[in-house]
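**Q** sequence isn't available, so here's the structure alone:
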Ligand code: CAA
């Protein structure tokens, strides 16, 4: 049994209250209208949940990863679109800026996210390079005091609503992954074009866009880390990101299980509530066991990160297991709801659509298995 600290319990309770009072009541509306969850964003920003792990020196909340996981789970239970907005901001934008950025980068861009309440995004994937980011074609060429960025990025969460973008491009393409570098680019920079929103199956309230860099000039001070360090920055950032997505999946799965229990306890058939039927009881029992396993894997990965240990394998296991368990839980819950689950009158159809992406972004399930196999067999 893992005992949470008083501070962690307080974070969890605060997140639960925001989720129940502000996020959940608007989740269906934002999803149906494919609208950015502005009220949820403001509530999380005001509570300091959008830069949870950033040092107070730069305006963050200075909390640990387990607190972040607790908050992410509560938020994602209410609205998975809000969850990914929060996860990308914390894990994929604030983290690499704080960990690898120069004092200038931290003071200028991290501060905008943590203190200024601006959103961040992470631009690694390209139209022809998703699972294999080392194959990306975007380039950055130093010209005097500026880098000129050229290329296309795709599947960018928070695209358009974010002001601060962590962008990966090759400074020495012939060196493949060793020639990749990380940069920070602000919305509004000439030559930085944000494309139209993708039409998606789920997380519809989370804007996802392509980005184009058309001879986009940025100051050379916007380099994050050193030239050639980009791939390692991306990989270590994704290690932490995967903990956030595991927590998001856990939230969706828990919401699905709770919905199944509440429906089964009220729906009558054959003269009793359907929660009395063993076939259905076992479906719920299995899913709640899987949620518990997902929670333990996710908390373990978070605690290892907090202890400064290597957690690549544990984050991959947590993300793989929690995402696939969430997909199974949402399927189970919809099945228990029967026809009602297939209609938009119940939120379970949203959980079903939202769960699937957690097994795809920040590394597909297949990529997580590659990571786990390498860490287990080859190291
Ligand atoms: N931390 C630090 N360094 C790492 C690392 C890690 N976790 N993983 C690999 N590296 C280093 C290696 O040590 C190696 O270093 P050297 O060059 O010094 O030897 C280097 O990176 C290359 O490693 P690999 O040979 O293992 O690289 P690879 O090309 O075979 O790729 C991979 C490995 C695991 C498949 C990786 O490409 C991967 O994770 N792919 C999935 C990408 C992904 O998750 N994309 C998500 C997009 S972002 C997104 O979804 C955002 C959103 O908006 C929600």
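**A** Now that the structure is in, tell me what you want to look at. Everything numeric here is computed off the predicted structure, so don't read it as measured data.

**Q** in the stretch 51-200 of the chain, what residue is nearest the ligand?
**A** The nearest approach of the stretch 51-200 of the chain to the ligand comes at residue 157, 3.2 Å away (CB to the nearest ligand atom). C-beta: built from backbone N, CA, C; applies to glycine.

**Q** tally of neighbours for that residue?
**A** 27 (other CB atoms under 10 Å).

**Q** ignoring the adjacent residues along the chain, who's closest to it?
**A** Once flanking residues are discounted, residue 157 sits nearest to residue 88: 4.6 Å by CB to CB, 6 or more residues apart in numbering.

**Q** tell me who's in contact with the one you found.
**A** Going by CB atoms under 8 Å, 6 or more residues apart in numbering, residue 88 touches 120-122, 157-158, 241, 244.

**Q** got a quick ChimeraX command for the buried subset of the residues you listed?
**A** Selection of buried members from these for ChimeraX, criterion 16 or more other CB atoms under 10 Å:
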select :120,121,122,157,158,241,244
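
**Q** check the contacts of residue 88 and tell me the two furthest apart.
**A** Across these, the longest distance by CB to CB is 14.1 Å; it joins 121 and 244.

**Q** residue 189 - nearest residue in space that isn't next to it in sequence?
**A** With CB to CB, 6+ apart as the criterion, residue 189 has its nearest non-adjacent residue at 5.8 Å, and that residue is residue 216.

**Q** give me the sheet partners of the helix or strand containing that neighbour and which way each runs.
**A** Assessed by DSSP states H and E, residue 216 sits inside strand 208-219. Using DSSP bridges, the strands paired with strand 208-219 are strand 146-157 (antiparallel), strand 192-194 (antiparallel).

**Q** can you redo those as a markdown table with mean pLDDT?
**A** Shown next, in a markdown table, are the strands paired with strand 208-219 (pLDDT from 0 to 100):
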| stretch | mean pLDDT |
| --- | --- |
| strand 146-157 | 98 |
| strand 192-194 | 98 |
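
**Q** which one of those strands is the most hemmed in?
**A** Most buried of those by mean neighbour count (mean count of other CB atoms under 10 Å) is strand 146-157; its value is a mean of 22.

**Q** whichever helix or strand comes after that one and the ligand, are they touching?
**A** Next along the chain after strand 146-157, taking DSSP H and E as the criterion, comes strand 164-170. No. Figure legend: strand 164-170 not in contact with the ligand (CB under 6 Å from any ligand atom); closest approach 9.7 Å.

**Q** what is the mean pLDDT for strand 164-170?
**A** On average, the pLDDT along strand 164-170 is 98.

**Q** let me see the contact set for residue 310.
**A** Taking CB under 8 Å, 6+ apart as the criterion, residue 310 is in contact with residue 304.

**Q** at 10 Å instead, please
**A** By CB atoms under 10 Å, 6 or more residues apart in numbering, the contact set of residue 310 is 236, 239, 304, 375, 379.

**Q** which of those count as buried?
**A** 236, 239, 304.

**Q** which ones among the residues you listed also lie next to the ligand?
**A** Answer for the buried ones among the contacts of residue 310 near the ligand (CB under 6 Å from any ligand atom): 236, 239.

**Q** mind checking which of the buried ones among the contacts of residue 310 are in helices?
**A** Mapping these onto helices (DSSP state H) picks out 236, 239, 304.

**Q** not counting residues beside it along the chain, what's closest to the last one?
**A** Right, residue 304. Distances taken as CB to CB, 6+ apart place residue 311 nearest to residue 304, at 4.1 Å, with adjacent residues excluded.
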